[in-house]
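S.K.: sequence and predicted model, in that order:
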Amino acid sequence: MSNNTTTNIKRGNLISARTITMTALLAAMSYVLAFLEFPVPLSPSFARMELSDLPALIGSFAFGPMIGVMIELIKNILQLVSTSTGGIGELANFLMGASYVLTAGFVYKYKKTKKMAMWACVISSVVMGIVAAIVNYFILLPLFEMFMPLEQLIASFGEFVPFIKTKLDVVLFNALPFNILKGLIIGAIAMLIYKKLTWILKGETVK
């Protein structure tokens, strides 16, 4: 075996070890961030926002879209330990987060430039908004109905946005725009810090 082959094998093992380590670290950060919730404007108190998709987005940019999805999966598996929804909430969270980081990762992978990263954040935010609308309509709102009658649930949103009158209105005028906004905020933060973190994540700098 040549020296070059041995060097390449060692380098590949190092990259794999770094990827596994960073994936675990980012998943742990994502899990912790899930507990730091903020109130959502024009929404009832039970509608909260958190930034746990940020480490997954960074992982998706650094190591590829499937690593971002893996971080989302690990985060939600960890949350199952203390779930109050029987795993339904975690499933919904995974579907929304995975759609976000998977889309962003694939777009950025096409061309790794700052401009493409920006477009990745915008496109993935819209995708997450659409997925969130579907997930809210078929999974999350029915879940909330177990604790609150549908009419009362709709009315709680209607107190902030008067033209919300139906379950579909809640999805179109709250879940959809809120998740697009959430994606854009997380994307903006990622754009600010990703370049500074790349040397830690991958042992190299980005252009």
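M.R.: Great, that's in hand. Numbers count the residues shown, from 1 in each chain.

S.K.: what helix or strand is the closest residue to residue 132 other than its chain neighbours on?
M.R.: Among residues not flanking residue 132 along the chain, residue 179 sits closest, at 3.8 Å (C-beta to C-beta, 6 or more residues apart in numbering). Where you see a C-beta, it was placed from the backbone N, CA and C, and this is true even at glycine. Per DSSP states H and E, residue 179 falls inside helix 176-202.

S.K.: surely the residue nearest to residue 132 meets residue 126?
M.R.: No. In this structure, residue 179 is not within contact of residue 126 by C-beta atoms under 8 Å, at 9.4 Å.

S.K.: leaving aside the residues next to it on the chain, what's closest to residue 71?
M.R.: residue 56 (4.1 Å).

S.K.: hmm, I typed the wrong one, I wanted residue 29.
M.R.: residue 55 (4.4 Å).

S.K.: in a helix, that neighbour, correct?
M.R.: Yes. Counting by DSSP: H, G, I helix; E, B strand; the rest coil, residue 55 is part of a helix.

S.K.: residues contacting it?
M.R.: 26-27, 29-30, 33, 71 (C-beta atoms under 8 Å, 6 or more residues apart in numbering).

S.K.: nearest to residue 152 among these?
M.R.: residue 33 (30.6 Å; C-beta to C-beta).

S.K.: re the thing from before, of the contacts of residue 55 - the most surrounded one?
M.R.: Counting neighbours by other C-beta atoms under 10 Å, residue 71 comes out on top of those with 32 neighbours.

S.K.: where's it, which helix or strand?
M.R.: helix 65-79.

S.K.: check which residues of the helix or strand harbouring residue 103 are buried.
M.R.: Residue 103 belongs to helix 88-110 when assigned by DSSP H and E. Applying a neighbour-count criterion of 16 or more other C-beta atoms under 10 Å, one finds 89-108 buried in helix 88-110.

S.K.: so that helix versus helix 65-79, what angle?
M.R.: 160 degrees (axes from the mean of the first three to the mean of the last three C-alpha atoms, to 10 degrees).

S.K.: pLDDT (mean, whole number) over helix 88-110?
M.R.: Average pLDDT, helix 88-110: 96.

S.K.: I'd assumed residue 160 was in contact with residue 43.
M.R.: Yes. Taking C-beta under 8 Å as the definition, residue 43 is a contact partner of residue 160 at 6.1 Å.

S.K.: and the two? which has more neighbours close in?
M.R.: Taking other C-beta under 10 Å, residue 43 and residue 160 do not tie; residue 43 has more neighbours (19 against 15).

S.K.: what does the pLDDT read for that one?
M.R.: 80.

S.K.: for it, give me its contacts.
M.R.: For residue 43, the contact set (C-beta under 8 Å, 6+ apart) comprises 157, 160, 174, 178.

S.K.: which of those lies closest to residue 80?
M.R.: residue 178 (24.5 Å).

S.K.: thinking again about what came up before, which parts of the helix holding residue 71 are buried?
M.R.: Of the residues in helix 65-79, 65, 67-76, 78-79 count as buried by neighbour count, 16+ other C-beta under 10 Å.

S.K.: tell me the one among the residues you listed nearest to residue 37.
M.R.: residue 79 (12.9 Å).

S.K.: how near is the residue nearest to residue 29 to residue 146?
M.R.: In this view, residue 55 and residue 146 are 31 Å apart by C-beta to C-beta, to the nearest Å.
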